[in-house]
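>>> Below is the sequence, then the predicted model.
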Amino acid sequence: MGTDWKENLKSLFEELCILEGSRKETVEDFDQFCEFVAEPAFEALSDEIKQYGAKAKLKKLRGKSISFKIDFAGSNFASFQYAIVLPEDSVELHLRLQVKGYRARDGRVKEKDAVFMEGIAPSGILKLSKEDIIQDFIENCRVFGFQALTGSE
């Protein structure tokens, strides 16, 4: 920072403007990701899940999250929810994955919060395909379900 306070003030306002623009752009990118990648993936899953007697529900909160929940019919693993979340005030697509489920026997809810698709840079999120999301969903559901049903961590 220089010694000219007027230049420092100008710089401050320019930096804040850039950050605000980045936040808006990130929300727009997230909404685009939801509309063109995640939502079609969840709709394809929903169509396929019906044949197994399970019920699926998609919930989208614009600029915040998109989640997909399955209620399993006649299983001790009663429910599984997969949510992709944009953390508040993000300036890049550093998304979070929140998975949650419960067993029918005891109703105990298990939750996990992690980086969404660890190893994918924020710039790679918009390049994901609906198949990438479907495969990630299936893998997370498998791991979470096996842990819930076997009591392992």
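Sure, I can see it.
>>> distance of the residue nearest to the spatial centre of the chain from Glu48?
The chain has Ile84 as the residue nearest its centroid, 0.7 Å off, counting by Cα atoms, centre = their mean. For Ile84, the distance to Glu48 equals 19 Å [Cβ to Cβ, to the nearest Å]. C-beta: built from backbone N, CA, C; applies to glycine.
>>> Likewise for Cys34?
Noted for Cys34: a distance of 20 Å to Glu48, by Cβ to Cβ.
>>> These two: which is more packed in?
Set side by side, Cys34 and Glu48 show more neighbours around Cys34, with 21 against 12, by other Cβ atoms under 10 Å.
>>> Now the residue lying closest to Lys50 once chain neighbours are set aside: which helix or strand?
Nearest residue to Lys50 in three dimensions, chain neighbours excluded: Ala56, at 7.6 Å (Cβ to Cβ, 6 or more residues apart in numbering). Using DSSP states H and E, Ala56 sits within strand 55-61.
>>> ok, Leu93 touching Asp29?
Yes. Counting by Cβ atoms under 8 Å, Leu93 touches Asp29, with 5.8 Å between them.
>>> Report the set of residues contacting both of the two.
By Cβ atoms under 8 Å, 6 or more residues apart in numbering, Leu93 and Asp29 have these common neighbours: Ile125, Leu126.
>>> quick one: the strand holding Ala56 to chain centroid distance?
Relative to its chain's centre, strand 55-61 lies at 12 Å (Cα atoms, centre = their mean, to the nearest Å).
>>> Output it in CSV with nothing but the alpha carbons.
The C-alpha trace of strand 55-61 is given here as CSV (Å, rounded to 0.1, in the frame of the first residue of the first chain):
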residue,chain,number,x,y,z
LYS,A,55,-39.2,-42.2,-4.9
ALA,A,56,-37.0,-39.3,-5.9
LYS,A,57,-37.2,-35.6,-5.3
LEU,A,58,-35.2,-32.8,-6.7
LYS,A,59,-34.9,-29.5,-4.8
LYS,A,60,-33.2,-26.4,-6.2
LEU,A,61,-32.4,-23.2,-4.3
